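> just need the structure, nothing else, for what follows:
(2 chains)
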Amino acid sequence: MNPAVASAPAPAHGALFYVAAVNLVIWAGLFLYLLYLDRKVRAASAARPDPEDRP
Amino acid sequence: MAVIIWASFLWARPAENFVGESSRIVFYHVPMAWVATVAFFLAAWHSAVYLRKRRAESDEAAAAAARLGLVFCVLATVTGAIFARVMWNAYWNWDPRQTSITLLLLVYGAYLGLRGAIEDPERRATLSAAYALVAFVTVPFLMFAVPRMYASLHPDTVINARGKVEMSPDIKTVFFAANLAFLVLFFWLYSLDRKVSRLLREARP
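Numbering: from 1, shown residues only, chains lettered A, B, ... in the order given. Model prediction:
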């Protein structure tokens, strides 16, 4: 373990803040993945030929 | 999922031998790693199917599984680092678990890099399928073997060395429910990704 890091103050509370942070990280990560999927859907819609253009 | 979050904060009691309420992180961190393992298995499975049948859907399924597996693997790493900060007072200390998950991230990051580097769809699918099969060989080793071979600060595995799951009933209920809930969420995202990939393929000339 890095001694410089180990000397940082330990959490002096019930650590619930960290549990909330874990939740936030997970939901933010999954939300970003949904945004990525949304971008792919837009790309698919843009690449699809417009039905009105078809003969 | 809302019930799982409620139960994880308010119903399950904090476990012994953890700092404060930090044992609640386990309800989120472990499912991330578990789902990532399932996703990497799916990627290998669909890659093997692709190499046998040469169907574009199998390649898309493998790519979607590897992408999502990587997302869950990153989340397992970050949530593990937060857990490490509470328990060991440092976000990162190159514990065997942290080292092996970093290697796994690199292995699957390289898979996506490989896919991005090849233009020709058939060549990309063949090479990445072969790579995904080789990459999956490292998963049991890095996820299960390495952390058990070296002394680690990481808490005992869910099924411990005595072959038992030693958790109080309330913790066990929330823990397994969370694993199941995140697995269902993964399969939902996975099916969405596959549908979108199919749409993209059909839309391209």
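> any stretches of the chain with poor pLDDT?
No chain specified, so I'll use chain A. Residues of chain A meeting the criterion pLDDT under 70: A:1-14, A:49-55.
> wait, chain B
Residue ranges of chain B with pLDDT under 70: B:147, B:150-153, B:156-165, B:205.
> find the residue at the geometric middle of it.
B:A36 (1.5 Å; C-alpha atoms, centre = their mean).
> just name whatever secondary elements the helix or strand encompassing that one is in contact with.
Taking DSSP states H and E as the criterion, B:A36 maps to helix B:26-53. Secondary structure elements in contact with helix B:26-53, counted by 3 or more C-beta pairs under 8 Å, 6 or more residues apart in numbering or on different chains; DSSP states H and E, are helix A:16-47, helix B:56-88, helix B:96-117, helix B:121-140, helix B:169-203. (Glycine included, C-beta is placed from N, CA and C.)
> can I get the ones you listed in CSV with mean neighbour count and distance to B:W45?
Listed next are those as CSV, based on neighbours: other C-beta atoms under 10 Å in any protein chain shown; distance: least, C-beta to C-beta, whole Å:
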stretch, mean neighbour count, distance to B:W45
helix A:16-47, 15, 21
helix B:56-88, 23, 8
helix B:96-117, 17, 14
helix B:121-140, 18, 9
helix B:169-203, 17, 12
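> B:V30 is nearest to which of those?
The stretch from the helices and strands packed on helix B:26-53 with the least distance to B:V30 (C-beta to C-beta) is helix B:169-203; that distance is 6.9 Å.
> now the angle from the closest one to helix B:121-140?
Using axes from the mean of the first three to the mean of the last three C-alpha atoms, to 10 degrees, one finds that helix B:169-203 and helix B:121-140 are set 170 degrees apart in direction.
> right, is helix B:169-203 up against chain A?
Yes - using C-beta under 8 Å from any C-beta of the partner chain, helix B:169-203 reaches chain A at B:L185, B:L189, B:L192, B:D193, B:V196, B:S197, B:L199, B:L200, B:E202, B:A203.
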